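> Sequence first, predicted coordinates after that:
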Amino acid sequence: MKQDSVGLPLALRDEAIDWVIRCQANPREIAGFERWRGASPAHEAAAQEASALWGDIGLTPTAALFGAGSLRARRPVFVRRAVLAGGALAGLAGIAVLSGEVPSPASWGADHVTRLGERRHFPLPDGSTAVLNTASALSVRYGPGERRLVLHVGEALFEAAPGDARPFLVTATSGEVRMNSGTFDLRCDGNQTQVLALEGGVIVCPGADIRLPLPPGQRLTYGRGQVIEGPTPVDANAETAWRRGKLIFNRRPLAEVATELERYRRGRIVLADASLRSLAVTGVFDLPDTDSILASVEQTLSLRVTRLPLVTILRR
């Protein structure tokens, strides 16, 4: 029987994951799961791995999905029946929000919203344009003295029309980006914002009394507390390929690729082994078909893809 890198049969690991999913959906399955895991030490080891893997799914992508350490070293999630029964509904609800099944609270009340995997072009009152990427929310707050917008969450590419004396301002997290005319891309992930200048005079203001010019083709990242990274040169064509319906990766670590794909598809993508994180992915992919992207990664990196409700697992 084919085994993984830690000596557990792959079929046994798949069966353990199936048990965990069933127990989350129906606590009455717990008794059967406990009998199954007591069949042998290998069954118990597979159950502990599957439980720990499920526990990781509810955490944030950057903090936990690709964290260090083996799954065997983590504390099992399903140790007591009460834990399973009480936590199942909350766990599934958390995954639903994170996977895009439920709109993010940040999008409530916004003027323009895109769903998971959707991209839309919006004309603005002054002739400027905004192109919203997946799961994004934007509000328009134009006034007599300024053309202000608020990117609540997600990503947008802005093209500020010339010929208007009012500054063009976009607020995101704790700072703002300003210019008179030109083009820039803005991505807001939680407490972190990335600004990519494409053309024109872009000024990044990550905090009070801070004004940082950003040349075209360079990216600057800021977060709450005025943590600033960059500016650094990037491949602007690859970074904005999403507006053309493409994703371009040039030797990107698989952990980053998985996080990027999660922005466009429902459910979480989990790496079952920390050794997979650094595997390099290169290619130009069609954005609407994320299943084909995963199939290509599966083939080129000799991985196995297990698709479960709201969860996709990559393993050797």
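Alright, I've got the coordinates.

> Only C-alpha atoms from now on, for both contacts and neighbour counts.
Noted.

> where does residue 22 land in three-state SS?
Assigned with DSSP: H, G, I helix; E, B strand; the rest coil, residue 22 falls in the helix class.

> Quick check: chain neighbours aside, which residue is closest to it?
residue 29 (6.6 Å; Cα to Cα, 6 or more residues apart in numbering).

> burial of the one you found, as a residue count?
15 (other Cα atoms under 10 Å).

> From residue 36, how far off is it?
Distance, residue 29 to residue 36, by Cα to Cα, to the nearest Å: 11 Å.

> Then residue 218?
Using Cα to Cα, residue 218 is found at 55 Å from residue 36.

> Just give me how far the longest strand seen in the chain sits from the chain centre.
Using DSSP state E to define each element, the chain has its longest strand at strand 147-160. Put simply, strand 147-160 sits 19 Å off its chain's centre (Cα atoms, centre = their mean, to the nearest Å).

> just use 696 as the starting number from now, easier for me
That works, and once the first residue is 696, the last one we named lands at strand 842-855.

> Direction included, what does it pair against?
Here strand 842-855 is paired, per DSSP bridges, with strand 824-827 (antiparallel), strand 832-837 (antiparallel), strand 863-867 (parallel), strand 877-884 (antiparallel).

> Pull it out as CSV, backbone CA atoms only.
Taking Å, rounded to 0.1, in the frame of the first residue of the first chain, the C-alpha atoms of strand 842-855 are listed here in CSV:
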residue,chain,number,x,y,z
ARG,A,842,-12.1,62.9,-5.2
ARG,A,843,-12.0,60.4,-2.4
LEU,A,844,-12.6,56.7,-2.4
VAL,A,845,-12.3,54.0,0.3
LEU,A,846,-11.1,50.5,-0.5
HIS,A,847,-12.6,48.5,2.4
VAL,A,848,-11.2,45.2,1.4
GLY,A,849,-9.8,43.4,-1.6
GLU,A,850,-8.0,44.9,-4.6
ALA,A,851,-8.6,47.6,-7.2
LEU,A,852,-6.8,49.2,-10.1
PHE,A,853,-7.5,52.9,-10.4
GLU,A,854,-7.0,55.2,-13.4
ALA,A,855,-7.4,58.8,-12.3
